[in-house]
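Predicted model follows, preceded by the sequence.
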Amino acid sequence: MSGVPGELLTRVAGIARLAAREILKIYASGDFAAGVKTDASPLTAADLRAHQVILENLQALTPDLPVLSEESDLSSYAERSGWKRYWLVDPLDGTREFLARNGQFTVNIALIDRHTPALGVVHIPVTDAGYQGLPGSGAWRQDGAGERREIRVASRSAAPIRVVGSRSHAGDSLAAFFERIGPHELVPVGSALKFCMVAEGAADVYPRLGPTCEWDTAAAHAVLSGAGGAVCDLNGAPLEYNRRDGILNPFFVAYGPSDHDWLALLKGPA
């Protein structure tokens, strides 16, 4: 594996783009062949094809690193607990958005190093654009022509506060939070794009009081961290990966500007 993080990031972005092309072939054909996984979430031929492309290319790039993908069999925690570094992949994040043909689905690839995202790529197939992050170094948005520009979180929250939430998993669990923050604009967005909007300063906060899996968040978490934002659980601890037997994240809040006590607003009076 390359010892230069920027070079590795470029290679991984290229792999995500290859997977996106395979997804678009199926997206254009309209033959989604949707099935249902054991957790009742949808599965398409595009998920499986993207998984195969990413798996083959990551194994060629870093043969010594394990790859954990949403579409692979979940290794036992006895095995996973020994992983210091590994790839965490969602080949098609936002399958419901894919089926709805709204374009808000992504390819997510993250490198986890000692429970923390060290590199992340979020690619958007329909626009051939994407986000890339190296926590501690920076974050970038790359357009369809390949041009990159650095992105940063907003320094202060907008008025009204800009909140991003799930398009496919909306609910009333955040009603108290919305009441506490006062005037706000809620923007429903699919997939990992919620984190990316916060990362580029287009939104202020993404609260999540619902289930997500580690492969849903890791790549975009790296982007947001690289852009100066944070993702923490409801106890204020940074969101970590591969710490438990299951693959579900705790509830969390992802934010850019730190001019509000987002945790206190989310949790309410003690």
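Great, that's in hand. Numbers count the residues shown, from 1 in each chain.

Tell me the spacing between residue 256 and residue 193.
Using CB to CB, to the nearest Å, residue 256 is found at 14 Å from residue 193. For glycine as for every other residue, the C-beta is placed from the backbone atoms N, C-alpha and C.

Please say which of these two ends up with more neighbours.
residue 256 (28 against 25; other CB atoms under 10 Å).

I'd assumed residue 229 was in contact with the more buried one.
Yes: with contact defined as CB atoms under 8 Å, residue 256 reaches residue 229; the gap is 4.4 Å.

Name the nearest residue to residue 130, ignoring sequence neighbours.
Closest residue to residue 130 apart from its sequence neighbours, by CB to CB, 6 or more residues apart in numbering: residue 123 at 3.8 Å.

burial of the one you found, as a residue count?
Residue 123 has 28 neighbours, counted by other CB under 10 Å.

So it sits against residue 13, correct?
Yes: using CB under 8 Å, residue 123 is in contact with residue 13, at 7.0 Å.

Please identify every residue contacting each of the two.
By CB atoms under 8 Å, 6 or more residues apart in numbering, residue 123 and residue 13 have these common neighbours: residue 130.

Mutual contacts of residue 256 and residue 229, please.
153, 198-199.

Quick check: the gap between the closest residue to residue 142 other than its chain neighbours and residue 196.
Leaving aside its chain neighbours, residue 142 sits nearest to residue 148 (4.7 Å; criterion: CB to CB, 6+ apart). As judged by CB to CB, residue 148 and residue 196 stand 14 Å apart.

who has more neighbours, these two?
Taking neighbours as other CB under 10 Å, residue 148 and residue 196 compare with residue 196 leading, 29 against 13.

Ramachandran coordinates for the more buried one?
The phi/psi pair for residue 196 (degrees, to the nearest 10) reads phi -70, psi -30.
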